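Colleague: sequence isn't available, so here's the structure alone:
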């Protein structure tokens, strides 16, 4: 099952999480060339902080700031726990 948080609005993102055989991060972003590595770092670091492995994270970004990406990921993870 997949769990999501966020929107497709400008300056926001949709983050979807689901259980997976390993940790994979897929990013689609309108600013990927400039900030793709930063987005991946925010997601990776958040997963490490939460002690989460073996998850698929899909991020569809429309120019969200780091704290927005992190909060969307944390919300999706919380929904997955429930």
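Modeller: Perfect, thanks for sending it. The structure displayed is predicted, hence computed values, not measured ones.
Colleague: could you measure from residue 13 over to residue 52?
Modeller: 18 Å (Cβ to Cβ, to the nearest Å). Where you see a C-beta, it was placed from the backbone N, CA and C, and this is true even at glycine.
Colleague: neighbour count winner among these two?
Modeller: residue 13 (25 against 15; other Cβ atoms under 10 Å).
Colleague: phi, psi for the more buried one please.
Modeller: Note on residue 13: backbone dihedrals following degrees, to the nearest 10 are phi -150, psi 160.
Colleague: measure it to residue 36 for me?
Modeller: 13 Å.
Colleague: which residues are in contact with each of those two?
Modeller: Residues touching both residue 13 and residue 36 by Cβ atoms under 8 Å, 6 or more residues apart in numbering: residue 29.
Colleague: run through the residues that contact residue 72.
Modeller: Contacts of residue 72 (Cβ under 8 Å, 6+ apart): 5-6, 12-15, 59, 64.
Colleague: with residue 50 instead?
Modeller: 74, 77 are the contacts of residue 50 under Cβ under 8 Å, 6+ apart.
Colleague: hmm, 10 Å instead?
Modeller: 73-74, 77-78 (Cβ atoms under 10 Å, 6 or more residues apart in numbering).
Colleague: could I get the contacts of residue 72 as JSON lines with distance to residue 28?
Modeller: Shown next, in JSON lines, are the contacts of residue 72 (distance: Cβ to Cβ, whole Å):
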{"residue": "5", "distance to residue 28": "16"}
{"residue": "6", "distance to residue 28": "13"}
{"residue": "12", "distance to residue 28": "13"}
{"residue": "13", "distance to residue 28": "9"}
{"residue": "14", "distance to residue 28": "10"}
{"residue": "15", "distance to residue 28": "11"}
{"residue": "59", "distance to residue 28": "7"}
{"residue": "64", "distance to residue 28": "12"}
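Colleague: what's the closest of the residues you listed to residue 46?
Modeller: Nearest to residue 46 out of the contacts of residue 72 is residue 15 (Cβ to Cβ; 9.9 Å).
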